[in-house]
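[1] Task: produce atomic coordinates for the following.
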Amino acid sequence: MQSVAPVFVALQSSRQLPVLLAFAHVLSAIAVLLSSIPGWLAGILLLVIGASYAHSRNLPRPEALLLMGDGRFEKVGTGGTALNLHSSSALLGSLVVMRYRDDGAMHSLVLLSDCFVQADDWRRFRRWLIWNASASIRDQRD
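    Here you go, the predicted structure:
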């Protein structure tokens, strides 16, 4: 297979992601409140939902991604090791959930189309994810 030069894509803070996360956590809290579980269990679940929301607000975001031709990527600004995508990663319209293993733990990086500084970077990222990372994901399944 021919070697492909790495692609550098700059990232910025998303305006839509905090709204989406808040909506998902509020929806979860409403579901707990409307359920018929005991009050003490509902209280514990509401605390867990609140902790999850607080944790999601404080996650470090990379400044950029370095996408390599062999399906690996590197998060610029939060660490310099090359990471492999996990097969549970998802590409859903304008939302991408990149699942990867780092230091033995599974992590997720959620990216929306407005996370990319240039609109063309979103297109290049999706193309990389579909063509190059699919080989990495297939290798994990074998």
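[2] now the nearest residue to residue 117 once chain neighbours are set aside, what's its secondary structure?
    Of all residues not flanking residue 117 in the chain, residue 10 sits nearest, at 4.2 Å (CB to CB, 6 or more residues apart in numbering). (Glycine included, C-beta is placed from N, CA and C.) What DSSP: H, G, I helix; E, B strand; the rest coil gives for residue 10 is strand.
[3] And the strands in this protein, which stretches?
    Remark: strands assigned in the chain by DSSP state E are 7-10, 64-67, 72-76, 82-84, 90-92, 95-102, 105-112.
[4] now the ones you listed as JSON lines including mean pLDDT, distance to residue 18 and mean neighbour count?
    Listed next are the strands of the chain as JSON lines, based on pLDDT from 0 to 100; distance: least, CB to CB, whole Å; neighbours: other CB atoms under 10 Å:
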{"stretch": "strand 7-10", "mean pLDDT": "86", "distance to residue 18": "20", "mean neighbour count": "16"}
{"stretch": "strand 64-67", "mean pLDDT": "88", "distance to residue 18": "20", "mean neighbour count": "20"}
{"stretch": "strand 72-76", "mean pLDDT": "84", "distance to residue 18": "20", "mean neighbour count": "20"}
{"stretch": "strand 82-84", "mean pLDDT": "81", "distance to residue 18": "24", "mean neighbour count": "16"}
{"stretch": "strand 90-92", "mean pLDDT": "84", "distance to residue 18": "18", "mean neighbour count": "12"}
{"stretch": "strand 95-102", "mean pLDDT": "86", "distance to residue 18": "14", "mean neighbour count": "16"}
{"stretch": "strand 105-112", "mean pLDDT": "88", "distance to residue 18": "11", "mean neighbour count": "15"}
